[in-house]
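In: Show me the folded form of this:
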Amino acid sequence: MTVYLPIAEMTVHALLILGMGCAVGFLSGLFGVGGGFLMTPLLIFIGIPPAVAVGTQSNQLVAASVSGVLAHWRRGNVDVKLGLVMLGGSTVGTIGGVLLFGLLQRLGQIDLVINLSYVFFLGLISSLMLVESLRSMLRRRARKGGGGKLHNHTLLHGLPMKMRFPRSRLYVSALLPFGIGFLGGVLVAIMGIGGGFFLVPAMIYLLGMPATLVAGTSLFQIIFSTGIATFLHAYQNHTVDILLAILLLAGGVLGAQFGTRASGRLPSDQSRLLLALLVAGVCVKLAIDLFSTPPTPFGIEILNHVMVVGT
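Out: Here you go, the predicted structure:
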């Protein structure tokens, strides 16, 4: 069954899109990560324009984040005050990122920037995950619990405008969570991802937040940043294809249920190794497509349905 995507301006097989959503949802449930950094490259692989893939993926992240926050909220694992400070930064970053996105789109460079961003970030993430998982498998060191701090004091902790965050038991400069949220907002706007792979380590190692509060607080502000990005991409850049988003969401919800059930069957170090290899494979495929010679070296396009005849 084929459907026409009005914003992407192409016809796709509905079952293929549903299957992709289901597969990424399964991986998200299995590995406990957001699927944005996998879904956007997969959409690009099947011919969806990168700009539409980014805008539509940010729409899907809103629903996924709401579902995650509700679960964490019931357990009391959301620091609302810290999340609001991060939200201030992510709002500024998202708006600025969407404006930059629109500028690059008008210059005709947005596809290149999206692909290069994914090659860089996926390559970096997969390398770090491979090193960490291999070390874990070789050493097999059991982590011992303790009351030690998760971070060391650096020059960042001497910044002004300090605030107390009772829920997280922190007394840090508000500029730190604001800046972390800002960078996360830029990633949402440019790459169509929640930014959890950046936010979670930054909140743990830079802010020193308790691990139990990190995921819920991160998702709390991601709801709003992805919502803002979706609205601005739809209004400003016209890159949100609602039909594509519905198909992806339907498949993702179904796949996540099966992935969650299977998540407990893999040891954590093996799980991280498999995810790292998967991310590395996607990165390599993007890099090959980016630097390989296209089958058609040039194309002809009529802009604005106006034909100009020279004399």
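In: Next one, pLDDT for the closest residue in space to Ser117 that isn't next to it in sequence please.
Out: With CB to CB, 6 or more residues apart in numbering as the criterion, Ser117 has its nearest non-adjacent residue at 5.4 Å, and that residue is Met191. Using the backbone N, CA and C atoms, a C-beta is placed for each residue, glycine as well. As predicted, Met191 sits at a pLDDT of 82.
In: What of the one 4 residues further on?
Out: On the pLDDT scale, Gly195 is placed at 65.
In: The residue nearest to the spatial centre of the chain: what secondary structure?
Out: Central residue of the chain (CA atoms, centre = their mean): Ile193, 2.0 Å from the mean position. Following DSSP: H, G, I helix; E, B strand; the rest coil, we place Ile193 in the coil state.
In: any idea how far it lies from Lys285?
Out: 17 Å (CB to CB, to the nearest Å).
In: Low-confidence stretches in the stretch 51-200 of the chain?
Out: Residue ranges of the stretch 51-200 of the chain with pLDDT under 70: 60-61, 63-65, 67-68, 71, 129, 132-133, 136-137, 139-159, 194-197.
In: what do you get if the cut-off is 90, keeping everything else the same?
Out: Scanning the stretch 51-200 of the chain with the threshold set as pLDDT under 90 gives 51-83, 86-87, 90, 94, 97-98, 101-102, 104-177, 179-181, 183-200.
In: can you pull out the helices in it?
Out: 80-107, 110-139, 175-191, 196-205 (DSSP state H, counting those that start in this stretch).
In: and the second one, what does it pack onto?
Out: Spelled out, it's helix 110-139. helix 36-45, helix 50-74, helix 80-107, helix 175-191, helix 268-291 (3 or more CB pairs under 8 Å, 6 or more residues apart in numbering; DSSP states H and E).
In: who does the fourth one touch, helix- and strand-wise?
Out: The one in question is helix 175-191. For helix 175-191, the packing partners by 3+ CB pairs under 8 Å, 6+ apart come out as helix 36-45, helix 50-74, helix 80-107, helix 110-139, helix 196-205, helix 211-232.
In: could you redo those as CSV and give each row mean neighbour count?
Out: As requested, those are exported to CSV (neighbours: other CB atoms under 10 Å):
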stretch, mean neighbour count
helix 36-45, 23
helix 50-74, 22
helix 80-107, 20
helix 110-139, 17
helix 196-205, 20
helix 211-232, 24
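In: Redo these as JSON lines? Include distance to Leu187.
Out: Putting the helices and strands packed on helix 175-191 into JSON lines (distance: least, CB to CB, whole Å) gives the following:
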{"stretch": "helix 36-45", "distance to Leu187": "9"}
{"stretch": "helix 50-74", "distance to Leu187": "10"}
{"stretch": "helix 80-107", "distance to Leu187": "8"}
{"stretch": "helix 110-139", "distance to Leu187": "8"}
{"stretch": "helix 196-205", "distance to Leu187": "6"}
{"stretch": "helix 211-232", "distance to Leu187": "9"}
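In: out of those helices, which comes closest to Ala276?
Out: Nearest to Ala276 among the helices and strands packed on helix 175-191 is helix 110-139; the distance by CB to CB comes to 3.6 Å.
In: And Thr11, its phi and psi?
Out: Main-chain torsions, Thr11, degrees, to the nearest 10: phi -100, psi 140.
In: and of the helices and strands packed on helix 175-191, who's closest to Val172?
Out: Of all the helices and strands packed on helix 175-191, helix 80-107 sits nearest to Val172, with 9.2 Å by CB to CB.
In: quick one: that closest one to helix 175-191, angle?
Out: Angle, helix 80-107 to helix 175-191, by axes from the mean of the first three to the mean of the last three CA atoms, to 10 degrees: 40 degrees.
In: quick one: helix 80-107 to helix 196-205, angle?
Out: 140 degrees.
In: can you tell which of the helices and strands packed on helix 175-191 is closest to His238?
Out: It's helix 50-74; of the helices and strands packed on helix 175-191, that one is closest to His238 (CB to CB) at 8.3 Å.
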